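**Student:** Have a look at this prediction, sequence included:
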Amino acid sequence: MDLIASLQCADQPGIVHAMTTAVLNCGGNIVENQQFTDTTTNAFVMRTRFETTQGLEAAQKSLNEGLGKFSPALHIRPTAQKPRALVLVTKESHCLRDLMYLLELGELPIEIPLVISNREDLKSLVESHGIPFLYLPVTKENKAEQEKIMLAKISELKIDFVVLARFMQILSSTFTAAMPGKIINIHHSFLPGFKGAKPYHQAHERGVKIIGATAHFVTADLDEGPIIEQDVAHVNHSATPEEMIALGRDIERRVLARAVKLYAEDRIFIVGHRTVVFA
């Protein structure tokens, strides 16, 4: 069985040796290992992929016993077990299309049991890929009730994380608190410089030379969560707002897909207000 172990704790002498010994004790063989110590917070993180003939239960027992004295946050899962993602969308389709395309190619190791939207624009697109679609219109009056329905679906479908694929609604602090470090958002990198409507038109008016996108975890502080992935492209004076929008869409879909893949492969660790991301 091929397993991935994710470990996070305070940096302490002997922890790497303890992990190696624990893997060997369950008949394991380390295939891949990455580790990092954040000197500012003294946090230690490690991602270890290993093979064992003794199975998941034996591996969990061995690692819990061998690493217990370090009081780690430890997560172990079979590599073949794909994380389940709830995708939230509104009406822009480029990020959703890319996720579904990569899913069909077998290049994105996740399952999407459900897509929820506050609009019906993408219903046929979603259902054409064999994925259930749930329409939940959101108003100021029903927002709390609709979020309760989403949380109920997360529990019912055993959702591991949530992807905001251009979902144009602000999630409440109640919702974000229920999924800490498990909600990924994508936005243009102009924030906070170009807020509100038509950010690319604002950027064009100011003559920007770089546009981009940022994937980050969602927190109660709007667009202030730990950053996962970013990318940019250079533009010049000849670029029209429409050309910038098209280029921005392309960057957004690529950045979000990379962030989702990194999360699905347990390569992201939140340390303080930032992330450690193992390539």
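**Tutor:** Looks like it came in fine. Being a predicted model, the structure only gives us computed values, none of them experimental. Residues are numbered from 1 along each chain as shown.
**Student:** in the chain, which helix has the most residues?
**Tutor:** helix 241-264 (DSSP state H).
**Student:** Counting by contacts, list what that one packs against.
**Tutor:** Packed against helix 241-264, as judged by 3 or more Cβ pairs under 8 Å, 6 or more residues apart in numbering; DSSP states H and E, are the following elements: helix 94-105, strand 161-164, strand 183-188, helix 199-206, strand 210-217, strand 227-234. Every residue, glycine included, has its C-beta placed from N, CA and C.
**Student:** one more time with 7 Å
**Tutor:** When contacts are defined as 3 or more Cβ pairs under 7 Å, 6 or more residues apart in numbering; DSSP states H and E, helix 241-264 sits against helix 94-105, strand 183-188, helix 199-206, strand 210-217, strand 227-234.
**Student:** is it fair to say residue 147 lies in a strand?
**Tutor:** No. Using DSSP: H, G, I helix; E, B strand; the rest coil, the secondary structure at residue 147 is helix, not a strand.
**Student:** Report how many residues lie close to the nearest residue to residue 159 once chain neighbours are set aside.
**Tutor:** Taking Cβ to Cβ, 6 or more residues apart in numbering as the measure, residue 159 lies nearest to residue 86, with 4.6 Å between them; neighbours along the chain are not counted. Neighbour count of residue 86, defined by other Cβ atoms under 10 Å: 23.
**Student:** Just want to check the distance between residue 86 and residue 183.
**Tutor:** Remark: distance between residue 86 and residue 183 (Cβ to Cβ, to the nearest Å) = 9 Å.
**Student:** Can you give me the pLDDT of residue 194?
**Tutor:** Looking at residue 194, its pLDDT is 76.
**Student:** give me every residue that touches it.
**Tutor:** When contacts are counted by Cβ atoms under 7 Å, 6 or more residues apart in numbering, residue 194 touches 202-203.
**Student:** quick revisit: nearest to residue 125, of the helices and strands packed on helix 241-264?
**Tutor:** The closest of these to residue 125 is helix 94-105. By Cβ to Cβ, the value is 7.2 Å.
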